[in-house]
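Q: sequence unknown, structure follows:
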């Protein structure tokens, strides 16, 4: 008589997650109580007793929340653990800044940053449009396209790879802070100078990775294409391009973060009065650090969203590569 396998549930794991959520809720409640303890007072007029109580509640809340988050993260995937950790950190920072009476001109509380995001939303959106749409996206597209074209030429003509490609690694080592003022002085204060900085920043990782990807094609597959009398152009499209796609997307993901950095750094050396980098520089000089942090939050959100879009495109068009890697690990 054939035996049947009965699925066995593991109550230990579910109880661990339940305990984790309970500890996280307790930690969140303690942190909120720490903020409430010092909320009614000005930053420089917190009574000593209230300050001690708030700090104690913050420490207990952070410890309880951390243990709870560890239990939740053991079975929860995606962005939920990261978002929960950010929530705990922001509330703890709010409580500590208020308890110690840190001036807003030095470090603003998260609530002041949120208020600045709302009150200056029109200006920040206009700055984000200039920095992200005009400078980052245009420069990113130009640098990526130019890098792919140069990589194709280097693979097609080996003398270019040996004679010109080493200089790509040399120029990529130049700090963007040293290159940005030269580009701004040469091409003016308009947004095009920052787009050129972004294009240069993106160009080098793209060209190096695409060349490496095109050259990583399986020689056996290339020989098989020649055996079947496939034209060089068809062999290139069927073998070399799929081999280069993972390398290309790795370069594009790295370049997406470098592009935002290049645009903001370029704005530090001269603009027409718009842009997130300009806003950060001007408001920092005025000690309006709540606006500065609001601009940093906007730039961070745009950078993360840009990276996530490229990662989604990579999963959409190179899913076969991920499945091959997983099959290789399980083989």
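A: Right, received. Where do you want to start? These numbers come from a predicted model, not from an experiment.
Q: how about residue 138, nearest residue that isn't a chain neighbour?
A: residue 195 (4.6 Å; Cβ to Cβ, 6 or more residues apart in numbering). Yep, even glycine has a C-beta here, placed from its N, CA and C like the rest.
Q: for that neighbour, give me its contacts.
A: By Cβ atoms under 8 Å, 6 or more residues apart in numbering, the residues touching residue 195 are 134-136, 138-139, 142, 263.
Q: 6 Å instead?
A: With contact taken as Cβ atoms under 6 Å, 6 or more residues apart in numbering, residue 195 is in contact with 135, 138-139.
Q: same question, residue 21
A: Contact partners of residue 21, counting by Cβ under 6 Å, 6+ apart, are residue 72.
Q: got the phi/psi numbers for residue 79?
A: Note on residue 79: its backbone torsions stand at phi -90, psi -10 [degrees, to the nearest 10].
Q: how about residue 181?
A: Dihedral pair for residue 181: phi -60, psi -30, per degrees, to the nearest 10.
Q: which one is it nearest to, not counting chain neighbours?
A: Distance criterion Cβ to Cβ, 6+ apart; nearest residue to residue 181, sequence neighbours excluded, is residue 269 at 4.4 Å.
Q: try residue 193
A: residue 187 is the one closest to residue 193 (Cβ to Cβ, 6+ apart), at 3.9 Å.
Q: report the separation between the one you found and residue 177.
A: From residue 187 across to residue 177, the span is 17 Å (Cβ to Cβ, to the nearest Å).
Q: and if you look at residue 101?
A: Separation of residue 101 from residue 177 (Cβ to Cβ): 35 Å.
Q: most neighbours of all the contacts of residue 195, which one?
A: When neighbours are taken as other Cβ atoms under 10 Å, the top entry among the contacts of residue 195 is residue 135 (32 neighbours).
Q: surely that residue meets residue 263?
A: Yes: the criterion here is Cβ atoms under 6 Å, and residue 135 meets it with residue 263 at 4.2 Å.
Q: need the overlap of contacts for the two.
A: residue 194.
Q: return the member of the contacts of residue 195 nearest to residue 19.
A: residue 135 (48.7 Å; Cβ to Cβ).
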